[in-house]
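A.B. asks: sharing a model prediction with you, sequence too.
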Amino acid sequence: MAIAHALITFNDLNISAQIGDIIYYTPTAPQGGFTQGALINTIMLGSIIEITHQTNGTSVKVEYDNSVTSLPSGKPFYSFAKDKRANTSSMLGYYASVNFVNDSTDKIELFSIGSEVSESSK
């Protein structure tokens, strides 16, 4: 096992990305005027070990095994998944507050909002 680190910079990183999440990448190629990638080509890169917010974007430090995978070339599509061991339960507590903000100048419609409520104590 050969541990390596990569620094990936995003203009707009998803707010729910956190240390411990797994980063995946899908190689892309231009096709018919669009950049496309196939889900079947998605490759696990490694775990996020550091997130640094900067004025020009957000840098994510990823730890990966370079004997198993290599860094992507070009401009791949990146995705991430939560660690299932740490993110398996529902929200805990007696109170939740949600604030929806629309920063768009266009008309936006909210299709659905859902929640889960379960009794945890009597």
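C.D. replies: Ah, there it is. Residues are numbered from 1 along each chain as shown.
A.B. asks: what's stretch 21-28 in contact with?
C.D. replies: Outside of stretch 21-28, the residues within contact range by C-beta atoms under 8 Å, 6 or more residues apart in numbering are 8, 35-39, 41-48, 60, 62, 72-83. From N, CA and C alone the C-beta is placed, and that goes for glycine too.
A.B. asks: which ChimeraX command selects the buried ones in those residues?
C.D. replies: The buried residues among the contacts of stretch 21-28 can be selected in ChimeraX (16 or more other C-beta atoms under 10 Å) with this line:
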select :8,37,45,46,47,48,60,62,72,76,77,78,80
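A.B. asks: now, the contacts of stretch 21-28 that are in strands?
C.D. replies: Among the contacts of stretch 21-28, the residues falling in strands (DSSP state E) are 8, 35-36, 43-48, 60, 62, 77-81.
A.B. asks: nearest residue to residue 83 other than its sequence neighbours?
C.D. replies: Leaving aside its sequence neighbours, residue 83 sits nearest to residue 20 (C-beta to C-beta, 6 or more residues apart in numbering; 4.9 Å).
A.B. asks: that neighbour and residue 84 touch, don't they?
C.D. replies: No. Taking C-beta atoms under 8 Å as the definition, residue 20 is not a contact partner of residue 84, at 10.8 Å.
A.B. asks: near the closest residue to residue 48 other than its chain neighbours, how many other residues are there?
C.D. replies: Residue nearest to residue 48 in three dimensions, not counting chain neighbours: residue 21, with 5.0 Å by C-beta to C-beta, 6+ apart. Residue 21 has 21 neighbouring residues, counting by other C-beta atoms under 10 Å.
A.B. asks: what of residue 23?
C.D. replies: When neighbours are counted by other C-beta under 10 Å, residue 23 registers 21.
A.B. asks: tell me the secondary structure for it?
C.D. replies: Here residue 23 is recorded as strand under DSSP: H, G, I helix; E, B strand; the rest coil.
A.B. asks: picking that back up, wait, which of the ones in strands among the contacts of stretch 21-28 is closest to residue 100?
C.D. replies: Among those, residue 80 lies closest to residue 100 (C-beta to C-beta), at 23.2 Å.
A.B. asks: quick one: residues contacting the closest one.
C.D. replies: 14, 17, 21-24, 48.
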